[in-house]
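*Asks:* Need the 3D shape of this:
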Amino acid sequence: MKKGFVMTENFRRLAEAQAAVERRGAREAGLVIVKGPFGIGKSELMERWAADSQAIFLRCKETWTKRALLDELADALGLDKRGRNSEVQARIIGRLAVDMRPMCFDEADHLIRSTPSLLEIIRDITDMTGVACFLVGMEKFGNTLGRHGHIASRVNRVVELKRLSLGDVQQACDKLSEVRIEQSLVERIHADSDGRMRLVLNAVATIEQWAKANGWASVGADAVKGKALCVEFKPERIVRGGQA
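*Replies:* Numbers count the residues shown, from 1 in each chain. You can find the predicted model right below:
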């Protein structure tokens with residue numbers, strides 16, 4: 001499979017939100033919620049956006065404490081991590097106030113637990129610097145954050161990332177596949193993957209293997225009829241008595 005990034009409709013949605021938050025009125029209203037179902041390529045999309053925007057990209061972790069968050073943010077900015085939490089945070093605020101680099105926190109669901117203490121740190125930083133902050137989570141993330149009104153009031157935009165369109169899948173096949181995937185097979189990949197980039201990529205890789213084994217330069221739906229394109233784990237249905 002070729003390396004590359006597919007410019008999907010989700011990327012355009014993200015770019016529109018970025019433009020909107022940059023034109024905002026209230027400086028503290030700099031939070032952008034980015035949410036969507038699993039498997040559609042949120043992380044890859046956000047990493048590419050962060051690289052293009054010179055944004056700081058961090059993946060939140062279940063084990064994060066306040067100090068761990070500050071340390072990783074300081075590392076990303078090349079700052080000294082020594083001292084108390086307040087001292088490290090002050091260095092971060094000082095640097096961002098000058099650089100004005102946006103921040104992106106992937107897997108942001110980990111930022112909200114019994115209390116929003118980790119989000120409070122991010123809120124302090126964005127309030128004092130005016131930098132935009134993109135919080136990337138699952139479909140229910142916005143509802144969870146909404147329980148904390150003083151933070152939710154700072155949300156400028158909510159970006160709903162969608163499952164891939166047929167056009168997105170076509171672009172992925174054209175750009176990433178080392179063999180030609182015909183329109184009939186693109187349509188089947190779109191249907192079988194349920195618009196999830198993770199499964200689309202697996203399907204393309206599988207088709208390439210079959211094409212190589214059979215000497216195919218082009219592959220249509222008829223050539224792989226009855227074969228599984230998108231294999232994913234699905235737990236067996238559990239019923240009373242432990243029988244499926």
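*Asks:* Could I get the phi/psi values of Thr65?
*Replies:* phi -110, psi 180 (degrees, to the nearest 10).
*Asks:* same check, this time on the one 5 residues further on
*Replies:* Torsion angles at Leu70 (phi, psi; degrees, to the nearest 10) stand at phi -60, psi -40.
*Asks:* and the gap between it and Arg13?
*Replies:* 31 Å (Cβ to Cβ, to the nearest Å). Quick note: C-beta positions are derived from backbone N, CA and C, even for glycine.
*Asks:* Compare neighbour counts for the two and give me the winner.
*Replies:* Leu70 (24 against 18; other Cβ atoms under 10 Å).
*Asks:* just checking, the more buried one touches Val88?
*Replies:* Yes - Leu70 lies in contact with Val88 (Cβ atoms under 8 Å); the separation is 4.7 Å.
*Asks:* okay, and the common contacts of these two?
*Replies:* Counting by Cβ atoms under 8 Å, 6 or more residues apart in numbering, the contacts common to Leu70 and Val88 are Lys81.
*Asks:* which residues touch Arg84?
*Replies:* With contact set as Cβ under 8 Å, 6+ apart, Arg84 has no partners.
*Asks:* meant to ask about Met100, not that
*Replies:* Thr129, Gly130, Val131.
*Asks:* If we use 6 Å, what do you get?
*Replies:* Val131 (Cβ atoms under 6 Å, 6 or more residues apart in numbering).
*Asks:* Equivalent analysis for Glu28, please.
*Replies:* Taking Cβ under 6 Å, 6+ apart as the test, what Glu28 contacts is Asp127, Arg154.
*Asks:* Give me the distance between it and Glu44.
*Replies:* Here Glu28 is placed at a distance of 30 Å from Glu44 (Cβ to Cβ).
*Asks:* Same question for Asp52.
*Replies:* 13 Å.
*Asks:* If you tally nearby residues, what's the number for Leu185?
*Replies:* What Leu185 shows, counting by other Cβ under 10 Å, is a neighbour count of 23.
*Asks:* Can you verify it is assigned to a helix?
*Replies:* Yes - checked against DSSP: H, G, I helix; E, B strand; the rest coil, Leu185 lies within a helix.
*Asks:* tell me the pLDDT at it?
*Replies:* As predicted, Leu185 sits at a pLDDT of 97.
*Asks:* Perfect, I'm done here.
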